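Participant: All I have is the shape, not the residue letters:
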Ligand SMILES: C[S@@+](CC[C@H](N)C(=O)[O-])C[C@H]1O[C@@H](n2cnc3c(N)ncnc32)[C@H](O)[C@@H]1O
């Protein structure tokens, strides 16, 4: 699948704007939950509520950059709560032309103070200040994961849907991702699909029901079996539905 620069701006349920990708025929966010609301409630707030508070630096993998909401919502969350950790966000994105166009995107007022940051990112894919470093890696996220030496504390797993963007939801993808995680890393995603959860579990991760929020539920995953959340028993799911299986790279051929 090629990158998807062609997009149409769409208003979402919380009044903030997302886009609809012509290539993927899908919106970058849930139009029902709202773009900003989804970033905060499905990704940023659950991740920060579960991560070890004593960590002084968080290395965050944002899969993938898209319109940059998850990255900007992280800055908004951290700065509005005076969190003084170093935040290093690394975000693969193969649609470079999309990122280059973001200086003109109609972001919500919560992001107004970050417009110079998005301006810099759309210019050169990079931003750094005292406690913040943001790197957009232009290219395929799978290739990035093959070669990176980063160890991630948080992963926002926010590709398009498994149906439209399957290569970022396979068992092989999650196995590679799992090899780059801190032992107590937190993965957030909007997907609650059984093949996604099975791919995570077959990659050695534990899966949990997210803390309850006003948005559609998804999944929290971690190499740790000790998160304070209801764990999801995928072995029992398999007993009840013996044909259930992860999505494999071979299925995409
Ligand atoms: C649902 S959007 C991400 C939304 C984004 N997290 C945000 O908050 O605005 C998915 C993004 O993944 C990108 N993408 C899809 N497959 C990719 C791949 N294999 N490598 C890199 N980027 C990919 C698409 O171009 C798109 O920008």
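Facilitator: Cool, got the structure. Here the structure is a predicted model, which means the values were calculated and not measured.

Participant: ok, residue 19 - contacts?
Facilitator: With contact set as Cβ atoms under 8 Å, 6 or more residues apart in numbering, residue 19 has these partners: 7, 8, 9, 10, 27, 28, 67, 105. Any C-beta I mention is one placed from the backbone N, CA and C, and that applies to glycine too.

Participant: Are any of those residues buried, and if so which?
Facilitator: The neighbour-count criterion (16 or more other Cβ atoms under 10 Å) marks 7, 27, 28, 67, 105 among the contacts of residue 19 as buried.

Participant: Widest-spaced pair of those residues?
Facilitator: 27 and 105 (14.0 Å; Cβ to Cβ).

Participant: Excluding chain neighbours, give the residue nearest to the residue in the stretch 1-150 of the chain that the ligand sits nearest to in space.
Facilitator: In the stretch 1-150 of the chain, the residue that lies nearest the ligand is residue 66 (2.7 Å; Cβ to the nearest ligand atom). Excluding its sequence neighbours, the residue lying closest to residue 66 (Cβ to Cβ, 6 or more residues apart in numbering) is residue 28, at 4.9 Å.

Participant: CSV for the contacts of residue 19, including pLDDT and distance to residue 228?
Facilitator: Below are those laid out as CSV (pLDDT from 0 to 100; distance: Cβ to Cβ, whole Å):
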residue, pLDDT, distance to residue 228
7, 89, 39
8, 93, 41
9, 95, 39
10, 96, 36
27, 97, 32
28, 97, 31
67, 98, 32
105, 95, 36
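
Participant: quick one, strands of the stretch 1-150 of the chain?
Facilitator: 7-11, 17-21, 26-27, 57-63, 86-93, 126-129, 132-138 (DSSP state E, counting those that start in this stretch).
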